[in-house]
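Colleague: output the structure for:
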Amino acid sequence: MSIKKHFLLAFFYSIFILFISLIKIESPIDFSYLDKLVHTAIYFFFCLIWYIPFKDIFINKTLIYLFIFSILFGVFIEFLQEKVVHYRTAELLDIWFNALGTIIGCSFLLLKNSIKKS
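Modeller: Residues are numbered from 1 along each chain as shown. Model (predicted):
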């Protein structure tokens with residue numbers, strides 16, 4: 001897959017996250033625990049998908065920049081939920097689970113890269 005295609009995939013995945021984070025979701029089922037697992041999974045895949053575009057842009061310290069970008073993106077989404085839409089609220093716990101997914105994703109990539117080098 002070309003660099004342009006990797007970037008477009010990552011960009012549209014980010015737009016998808018933005019969309020699902022800002023739409024109104026009504027459900028009779030309590031998803032509070034499942035919601036946190038979903039946050040973790042979304043940001044795990046966010047890191048995996050953005051890794052190649054970041055690797056092409058930042059040759060050194062790719063994972064550090066990716067980690068910071070992922071955390072800031074998650075905080076930005078929570079900010080938008082609090083300030084832009086009236087039917088969603090920001091939750092600190094969501095930010096923590098976004099960060100957990102980011103930590104797991106970046107750790108996975110770090111492990112994968114260190115195994116590849118040896």
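Colleague: how about Asn60, phi and psi?
Modeller: When read as degrees, to the nearest 10, the backbone of Asn60 gives phi -100, psi 150.
Colleague: spatially central residue for the chain, please.
Modeller: Tyr43 (3.0 Å; C-alpha atoms, centre = their mean).
Colleague: look at the residue nearest to Glu78 when sequence neighbours are not counted and tell me its secondary structure.
Modeller: In space, and not counting its chain neighbours, Glu78 is closest to Ala90: 4.1 Å by C-beta to C-beta, 6 or more residues apart in numbering. Any C-beta I mention is one placed from the backbone N, CA and C, and that applies to glycine too. Taking DSSP: H, G, I helix; E, B strand; the rest coil as the rule, one finds Ala90 in the coil state.
Colleague: do you know how far Ala90 is from Lys61?
Modeller: The gap separating Ala90 from Lys61 is 29 Å, by C-beta to C-beta, to the nearest Å.
Colleague: just the pLDDT at Asp30, thanks.
Modeller: On pLDDT, Asp30 comes in at 69.
Colleague: can you show me the helices along the chain?
Modeller: Secondary structure of the chain (DSSP state H): helices at 3-22, 32-57, 62-83, 92-117.
Colleague: elements contacting the shortest one?
Modeller: It stands for helix 3-22. helix 32-57, helix 62-83 (3 or more C-beta pairs under 8 Å, 6 or more residues apart in numbering; DSSP states H and E).
Colleague: at 6 Å what do you get?
Modeller: helix 32-57 (3 or more C-beta pairs under 6 Å, 6 or more residues apart in numbering; DSSP states H and E).
Colleague: the helix it packs on: which residues count as buried?
Modeller: 36, 39-40, 42-44, 46-55 (16 or more other C-beta atoms under 10 Å).
Colleague: and stretch 74-88, by the same measure?
Modeller: For stretch 74-88, by 16+ other C-beta under 10 Å, it's Gly74, Ile77, Glu78, Gln81, Arg88.
Colleague: can you get me a residue count around Ser14?
Modeller: By other C-beta atoms under 10 Å, 16 other residues sit near Ser14.
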